[in-house]
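Novice: no FASTA, just this:
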């Protein structure tokens, strides 16, 4: 690479970062009406000078691009923008500024910033092989960085209606990135449209993981990823082999996009017109929030709005998105492959009866455990809520609505955080069931939190195995690895310790609340659920900091955080004699 090319690369990176800062200043602050539109042309100057030269000027980059992802979209967006600029210039010359110009210039400016400046900046910054960082620590650091950026964006004057304190901005950003849903401000009334879009962006990034997006961007821009990058990304997305990392990432983003689009379409269709919320932005926001198990809502009263709480179609779509997001991408891929293989087998049996290829009858054991545990917890929660609240919280509902609300409670308490009723009226027995479901949470490699369904399943299976006198946990002619059992009980032990500490600290700072409400708040924050017994908006500053740490550690995982911070012990070539301890 020549000196001139290197110099221009540095210049393009600087200009890309500068244009991002300019974009934030442009949309985040109030401006004089006539001045704003003249500054919009800075975006187009960047688009047609800096971005094209940076992308197309280096032949090495040109050859390394994966054009199947980039070329068509780049051409279309340039062509449409050129037509838009010509038409806008013609209108401005003859008729002056109109509302159409405001939306057109603003929308295309946003597209350029996200597409060109973002890609160029990531291209110059994503060189993970230069830093010897543990994958778990990098995962934690990426969440911390996004929370900090999100907090600053939420503090922009145009992001809120009446301003926001720094601690409230950090709390909201942490809740969004950690897909929790606890809020100290009303998302619908206290945040502007810009603020709500920022929250939605943080939810999407937090639900899937920033490294998933940057990994794919690096793959597109650089034509591949290094071994170091792939090892880091493999740990984050739980890929089976290093060579399949990018394939898993592409599948994750594809499944996410398709599911959220389909979910938004169904939500728009089933949303009651009488509610006043049957619009595309509301449908998109709740589809993303539900699939990411975030629990945020741009409806004033949330799903407890009378028009929506009784809308069965809306609740069923929300529950479906929550369950799909909480199952985990590996589970979805495995079930999809099994279904496709089964259909292909049926087709071969109908068309060719001899020389049939071998057929894998069952999904993987991890998938079976996850599906059985998830289904059992949903059934258990539904039955318990129906029995406990049939004549209490559900007393005024008909029989069908009772079962629907019981099922919805069972689904949403597993890290989603949506509620259709006032949870302060729950009986103590129902609160105990809720604590259990919030603690267990969703499945590994999903958008949800909690200790995970597989950890809970291993704990139960270990108890059953010990009571039956077996040395190992056996499932379908397989033995669960000792390392998996040790990790599961480490997660359980650390989570109980952390929850106990958070509850203890809250009892010192939030003396105005009874103990059961504080316990509920901590379980909800640590499990990244987002349900509250009207505690969150009234927390003190120290209380908000405690809940922020609870949400963060619950999302990234204390065990993963410790793996990244504590150096790995050197393995010994000898084994010490075992010693039995008295444990019962």
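Specialist: The structure has been received and is ready for your questions. All of these numbers come straight from a predicted model, not from anything done at the bench.

Novice: can you read off the pLDDT for residue 230?
Specialist: pLDDT, residue 230: 55.

Novice: what residues are up against the nearest residue to residue 478 once chain neighbours are set aside?
Specialist: Leaving out its chain neighbours, the residue that sits closest to residue 478 by Cβ to Cβ, 6 or more residues apart in numbering is residue 365, at 5.7 Å. Placement of C-beta: from N, CA and C, glycine included. Going by Cβ atoms under 8 Å, 6 or more residues apart in numbering, residue 365 touches 475, 476, 478.

Novice: which of those fall in strands?
Specialist: 475, 478 (DSSP state E).

Novice: by neighbours, which of the contacts of residue 365 wins?
Specialist: Tallying neighbours with other Cβ atoms under 10 Å puts residue 475 at the head of these, with 15 neighbours.

Novice: how about the helices of the stretch 301-450 of the chain, start to end?
Specialist: 306-309, 312-327, 329-351, 365-389, 399-412, 428-440 (DSSP state H, counting those that start in this stretch).

Novice: how close does residue 516 sit to residue 424?
Specialist: 11 Å (Cβ to Cβ, to the nearest Å).

Novice: and what of residue 514?
Specialist: Residue 514 sits 11 Å away from residue 424, going by Cβ to Cβ.

Novice: who's more crowded, these two?
Specialist: Neighbours around residue 514 and residue 424, counted as other Cβ under 10 Å, are more numerous at residue 514. The numbers are 12 against 9.

Novice: could you check how far that one is from residue 501?
Specialist: 19 Å.

Novice: what does residue 148 give?
Specialist: Taking Cβ to Cβ as the measure, residue 148 falls 24 Å from residue 501.

Novice: go on, residue 474?
Specialist: For residue 474 relative to residue 501 (Cβ to Cβ), the value is 36 Å.

Novice: same question for residue 278.
Specialist: Note on residue 278: its distance to residue 501, by Cβ to Cβ, is 45 Å.

Novice: residue 559 now?
Specialist: Computed as Cβ to Cβ, the residue 559 to residue 501 distance reads 15 Å.

Novice: between the two, who's got more neighbours?
Specialist: The neighbour comparison of residue 559 against residue 501 (other Cβ under 10 Å) goes to residue 559, with 19 against 14.

Novice: between the contacts of residue 365, which is nearest residue 389?
Specialist: Of all the contacts of residue 365, residue 475 has the smallest distance to residue 389: 34.7 Å, by Cβ to Cβ.

Novice: for that closest one, which non-adjacent residue is spatially closest?
Specialist: The nearest residue in space to residue 475 (Cβ to Cβ, 6+ apart) is residue 365, at 5.8 Å.

Novice: next one, pLDDT for the one you found please.
Specialist: For residue 365, the pLDDT comes out at 85.

Novice: what about the stretch 251-400 of the chain, any weak spots by pLDDT?
Specialist: Residues of the stretch 251-400 of the chain that meet the criterion pLDDT under 70 lie in 352-362.

Novice: again, only this time at 80
Specialist: Scanning the stretch 251-400 of the chain for pLDDT under 80 picks out 251, 253, 274-275, 341-363.

Novice: could you do the stretch 51-200 of the chain as well?
Specialist: For the stretch 51-200 of the chain, the ranges with pLDDT under 80 are 51-142.

Novice: ok, the residue nearest to residue 475 to residue 336 distance?
Specialist: For residue 365, the distance to residue 336 - Cβ to Cβ - is 17 Å.

Novice: need the winner for burial among the helices of the stretch 301-450 of the chain.
Specialist: The highest average neighbour count among the helices of the stretch 301-450 of the chain, using mean count of other Cβ atoms under 10 Å, belongs to helix 312-327 at a mean of 22.

Novice: now for it, which elements pack on it?
Specialist: helix 245-270, helix 280-291, helix 365-389, helix 399-412 (3 or more Cβ pairs under 8 Å, 6 or more residues apart in numbering; DSSP states H and E).

Novice: which residues are in contact with it?
Specialist: Helix 312-327 is contacted from outside by 207, 259-260, 263, 266-267, 269-272, 286-287, 290-293, 303, 308-309, 332, 370-371, 374, 378, 404, 407-408, 411-412, 414-416, 418, 420, 441-443, 446-448, using Cβ under 8 Å, 6+ apart.

Novice: show me where the stretch 101-250 of the chain has helices.
Specialist: Under DSSP H, counting those that start in this stretch, the stretch 101-250 of the chain gives helices at 118-125, 135-154, 166-177, 193-208, 210-222, 227-237, 245-270.
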